[in-house]
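Student: Build the 3D model from these lines:
(2 chains)
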Amino acid sequence: MAFSVSCDGSSHDVETGATGFDLFASKTVVAMRVNGELKDLAHPILAGDTITSVEMSSQDGLSILRHSTAHVLAQAVQSINPEAKLGIGPPIKDGFYYDFDVAEAFTPEDLKSLEKAMERIIRSGQRFVRRVTNEADAAKELAAEPYKLELISLKGSDLGEGSAEVGAGELTIYDNVDPQSGDVVWFDLCRGPHLPNTRMIGNGFALMRTAAAYWRGSEKNKQLQRVYGTAWPSKDELRAHQHQLEEAAKRDHRRLGAELDLFSFPEEIGSGLAVFHPKGGIIRRTMEDYSRKRHEESGYEFVYSPHITKGGLFETSGHLQWFSEGMFPPIRIDEEVDENGVIRKQGQDYYLKPMNCPFHNLIFKSQARSYRDLPLRLFEFGTVYRYEKSGVLHGLTRARGFAQDDAHLYVTLQDMEKELTDVLDFILGLLRDYGLDDFYLELSTKEDGNPKFVGDPEIWKLATETLERVANASGLELVPDPGGAAFYGPKISVQARDAIGRTWQMSTVQLDFNLPERFDLEYTAADGSKQRPVMIHRALFGSIERFFGVLTEHYAGIFPPWLAPVQVVGIPVADEFNDYLGRVIDRLRAVGVRAHLDISDDRFPKKIRTHTKDKVPFMLIAGGEDRDANAVSFRYRDGSQDNSVAIEDAVEKILSAIRDKVQV
RNA sequence: GCCGACUUGGCGCAAUUGGUAGCGCACCGCUCUUGUAAAGCGGGGGUUGUGGGUUCGAGUCCCAUAGUCGGCUCCA
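Tutor: From the prediction side, this is the model:
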């Protein structure tokens, strides 16, 4: 008996018992959506179903490919080491991983032999066959897999949406069936769907690296060995992905920082503590100078505070209670102990500051404040120290000592929303000046029931709603981040996409009703009553170091002229033109351009090479032809040229590029 | 902090099974040098992250420690 179904938008007649295989002849269709749900092609089709094909190259298709590849990896691991216990193996961005409980960590050689074993499995064309089971039967079959048993027992509880093993519906197992013998050669608890067979994985996969990972993501659990892999519909796409990774590695700020002589992390100083070299110093100072100028224009007042303080200050703020493990341990001073070890004089504990806000609060409190003083905007490039765990340090983007471009705004409740709107506007404008222009916002809110968050729930609600209104008014995309708030209040963070599409958390704006309370901050209102101000914490760069790192990667070290450590290098074609070109360079230096003349013994092409590698934005060249025309020639970093430009025009061209902060 | 890998002159790398450290770039000197990514010659520089140990002998093996890298966890 035939009936009709809707397939990819048109009507099809199929026989009873038909499956996706009868609908899709194309080898690139790997699965299908039946009435919106992802299904294997082997899923039987019923009358009235609405079906759409899932191509291998689609998002869904890639996930299925990667998940199936993960299964093949797990089978390969167990074929080599039958003792390996299975964790989970989901698809992720660009690939997949699978966790194993094994006695010995995987070595690079292991990965090679695993790839070989995977190739054999893939070539053998095993079919993925779905089988519905129940908890009791599955528990019997998987008796040797303790982690799978745990998943079964957790079914439907706190596994979350992303789980690839068990879903809300039926419990299913996927058998890998050998096409020749029809035997089940391997199986795994899995909700699917999968490719029809392993052969469709093809040769566009690779194992990338191994790492340890806590079972179910908790530090309290055992660490399993994770193997990361990547999988693509074709070898060419795999190659393209690998090439992309190499390109990203080339713009790694840690590498560029050494290559371009910008900064370093001397081992003698300590982990996560950077020094900036002269060239990095120029970039950093230029960034800071411009930021300072813009802040001045926008009504911020500049303050300074010390790097250390007595512990009491952080008890008042609450940091010592909630985040002491993130702070460097105290320096105990002035304690006197007698010969018997008895304390004669009580000492004092001093701490390196992990934040600037308590200091600014003390400045607020240094005098009686009036509503006329508000909004009071206190700004500081404040250097803070945080005891980040050794394993999380990462160049400039995650350091133990860094400077925040930190400001605290004290406003009345009535002005709060307007001030927040202005701040967000100010931030986005400034980030654009630094060359970032693709943003979205994240709203970090408290998590109900988590004791980490302090303060009155009503106030949290007011703060969160206000931030949400301001964020929405910006017109930018707003992504929720539940549980991501600071302990004292919710925040908006600005996420920026860089030149190769990676996103970075940049600025944060936090609303705080808690610290004004703890510090007993108040001002006199127009009616003479004492009122509590609202506090807004905000940082644009987050940390100067981190922003420096992000910009380095965004520009791949090819900084726009206004930030470039060396803006112009004069390269004479021969010594004879040193004086002529030197006069042009002197003229640029006289108007503040960072320019110098290369009169080294190197030959002309060598100099071009040297300064191209140094990523100098303007190379000015002069030889006989230029001198005769009273001109110079430009060479840019990409190799393009602009010959015989009149000196006047050349100077103006350079000055305007710097002034307008454009890229060249 | 946890798991794994790595650590050789400023940088990038090399040194068969343990036998007394090499190369390129950079640096210094000399010679030569007119047109768009590396002129030639010569020279200095490391005891192999640090501290122990095994051995007749260790860059190569073992232990500890520091740092780096990849992940996990974390990120006020």
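
Student: of all the residues in the stretch 151-300 of chain A, which ones are close to RNA strand B?
Tutor: A:209-214, A:217-219, A:223, A:225-226, A:254, A:258, A:265, A:267, A:270-272 (C-beta under 7 Å from any atom of the strand). Backbone N, C-alpha and C define where each C-beta goes, glycine included.

Student: Any stretches of chain A with poor pLDDT?
Tutor: Scanning chain A for pLDDT under 70 picks out the ranges A:155-169.

Student: One more pass at 50, please.
Tutor: In the predicted model of chain A, residues A:158-162 satisfy pLDDT under 50.

Student: Need the residue closest to the centroid of it.
Tutor: Centroid-nearest residue in chain A: A:Trp504, 4.4 Å away (criterion: C-alpha atoms, centre = their mean).

Student: Specify the beta-bridge partners of it.
Tutor: On the basis of DSSP bridges, A:Trp504 is bridged to A:Ala496.

Student: correct me, but it touches A:Phe541?
Tutor: No - applying C-beta atoms under 8 Å as the test, A:Trp504 and A:Phe541 come out as separate, 10.9 Å apart.

Student: Tell me the secondary structure of the residue of chain A found nearest RNA strand B, please.
Tutor: Nearest residue of chain A to RNA strand B: A:Gly391, at 1.8 Å (C-beta to the nearest atom of the strand). Under DSSP: H, G, I helix; E, B strand; the rest coil, the three-state class of A:Gly391 is helix.

Student: give me the number of residues near it?
Tutor: A:Gly391 is flanked by 6 other residues according to other C-beta atoms under 10 Å.

Student: Kindly report the same for A:Glu417.
Tutor: The local packing of A:Glu417 (other C-beta under 10 Å) involves 15 other residues.

Student: What helix or strand is the residue lying closest to it once chain neighbours are set aside located in?
Tutor: In space, and not counting its chain neighbours, A:Glu417 is closest to A:Thr466: 5.5 Å by C-beta to C-beta, 6 or more residues apart in numbering. Assigned by DSSP states H and E, A:Thr466 belongs to helix A:457-473.

Student: Buried ones in whichever helix or strand comes after that helix, by neighbour count?
Tutor: Using DSSP H and E, the next helix or strand after helix A:457-473 towards the C-terminus is strand A:478-482. By 16 or more other C-beta atoms under 10 Å, the buried positions in strand A:478-482 come out as A:Leu478, A:Asp481.

Student: Run through who's touching strand A:478-482.
Tutor: Strand A:478-482 is contacted from outside by A:Tyr440, A:Leu441, A:Glu442, A:Leu443, A:Ser444, A:Thr445, A:Glu447, A:Glu468, A:Ala471, A:Asn472, A:Ser493, A:Gln495, using C-beta atoms under 8 Å, 6 or more residues apart in numbering.

Student: What segments of the stretch 351-500 of chain A are helices?
Tutor: Using DSSP state H, counting those that start in this stretch, the helices found in the stretch 351-500 of chain A span residues A:357-365, A:416-433, A:457-473.

Student: Just list what the second one packs against, helices and strands only.
Tutor: What that stands for is helix A:416-433. Packing partners of helix A:416-433 (3 or more C-beta pairs under 8 Å, 6 or more residues apart in numbering; DSSP states H and E): helix A:278-297, strand A:401-411, helix A:457-473, strand A:491-497, strand A:503-512, strand A:534-539.

Student: A:Asp586 and A:Tyr580: what is the separation?
Tutor: 11 Å (C-beta to C-beta, to the nearest Å).

Student: neighbour-wise, which of the two wins?
Tutor: Set side by side, A:Asp586 and A:Tyr580 show more neighbours around A:Tyr580, with 18 against 12, by other C-beta under 10 Å.

Student: Just read off the phi/psi values of A:Asp349.
Tutor: Main-chain torsions, A:Asp349, degrees, to the nearest 10: phi -100, psi 120.

Student: I meant A:Val454, not that one.
Tutor: Dihedral pair for A:Val454: phi -110, psi 150, per degrees, to the nearest 10.

Student: residues touching it, list them.
Tutor: Neighbours of A:Val454 in contact, by C-beta under 8 Å, 6+ apart: A:Gly318, A:Trp322, A:Phe487, A:Tyr488, A:Asn514.

Student: neighbour-wise, which of those residues leads?
Tutor: Going by other C-beta under 10 Å, A:Tyr488 tops the contacts of A:Val454 with 27 neighbours.

Student: so who does A:Val411 touch?
Tutor: A:Leu374, A:Pro375, A:Glu419, A:Pro533, A:Val534, A:Ile536.

Student: Buried ones from the contacts of strand A:478-482, can you make that a ChimeraX selection?
Tutor: In ChimeraX syntax, the buried subset of the contacts of strand A:478-482 is picked out as below (16+ other C-beta under 10 Å):
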select /A:440,441,442,443,444,445,468,471,493,495
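
Student: and the contacts of strand A:478-482 as TSV, adding distance to RNA strand B?
Tutor: Formatted as TSV, the contacts of strand A:478-482 follow (distance: C-beta to the nearest atom of the strand, whole Å):
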residue	distance to RNA strand B
A:Tyr440	17
A:Leu441	16
A:Glu442	11
A:Leu443	14
A:Ser444	8
A:Thr445	12
A:Glu447	11
A:Glu468	19
A:Ala471	18
A:Asn472	23
A:Ser493	9
A:Gln495	13
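
Student: Run through the neighbouring helices and strands of whichever strand or helix holds A:Leu151.
Tutor: Using DSSP H and E, A:Leu151 sits in helix A:146-154. Counting contacts by 3+ C-beta pairs under 8 Å, 6+ apart, helix A:146-154 is packed against strand A:85-86, strand A:95-101, helix A:135-141, strand A:184-189.
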